[in-house]
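Trainee: Build me a model:
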Amino acid sequence: MTWLHLLKEMSEVFSVIKLFFHKIKNQFSTSIRVLRTDNAFEYVKNDVFAFCSENEIIHQTSYSHTSQ
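Mentor: Below is the predicted model:
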């Protein structure tokens, strides 16, 4: 299943990831296995990697400088 979250500002990234994680855990009694993002700074900051690591989420990023 794929979910898409639109953000008003990139500073919302980490809080949206955490809220989404808890929403999935509570509503569906499961957890996120893979989080796929681009290489934007907000996604590759240490707090996002730490959160993914703590919750056993595989964080995949797209390749840099590749076409769509």
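
Trainee: list the buried ones in the longest helix seen in the chain?
Mentor: Determined from DSSP state H, the single longest helix within the chain is helix 13-28. Residues Val13, Ile17, Phe21 are the ones in helix 13-28 that count as buried (16 or more other Cβ atoms under 10 Å). Quick note: C-beta positions are derived from backbone N, CA and C, even for glycine.

Trainee: just those residues now: which is nearest Leu35?
Mentor: Using Cβ to Cβ, Ile17 is the member of the buried residues of helix 13-28 that sits closest to Leu35, with 7.1 Å.

Trainee: That closest one: what's it in contact with?
Mentor: Listed by Cβ atoms under 8 Å, 6 or more residues apart in numbering, the contact set of Ile17 reads Leu35, Val48, Phe51.

Trainee: now do 10 Å
Mentor: Residues near Ile17 by Cβ atoms under 10 Å, 6 or more residues apart in numbering: 5, 32, 35, 37, 42-43, 47-48, 51-52, 55, 57, 59.

Trainee: Could you list every helix and strand that the one helix or strand Gln60 maps to packs against?
Mentor: Here Gln60 is covered by strand 58-61, with elements defined by DSSP states H and E. Applying 3 or more Cβ pairs under 10 Å, 6 or more residues apart in numbering; DSSP states H and E, we find strand 58-61 packed against strand 34-37, helix 46-54.

Trainee: Of the ones you listed, give the one that comes closest to Tyr63.
Mentor: In this view, those are compared for proximity to Tyr63 by Cβ to Cβ, and strand 34-37 is the closest at 11.9 Å.

Trainee: as a whole number, average confidence for the closest one?
Mentor: Computed over strand 34-37, the mean pLDDT rounds to 87.

Trainee: Same check on stretch 44-63?
Mentor: 87.

Trainee: Now the terminal residues of that stretch, how far apart.
Mentor: Using Cα to Cα, to the nearest Å, the gap from the first to the last residue of stretch 44-63 comes to 13 Å.

Trainee: List the contacts of that stretch.
Mentor: By Cβ under 10 Å, 6+ apart, the list of residues contacting stretch 44-63 from outside reads 13-14, 17-18, 21, 25, 31-40, 42-43, 68.

Trainee: Check which residues of stretch 26-40 are buried.
Mentor: By neighbour count, and taking 16+ other Cβ under 10 Å as the criterion, the buried residues in stretch 26-40 are Ile32, Leu35.
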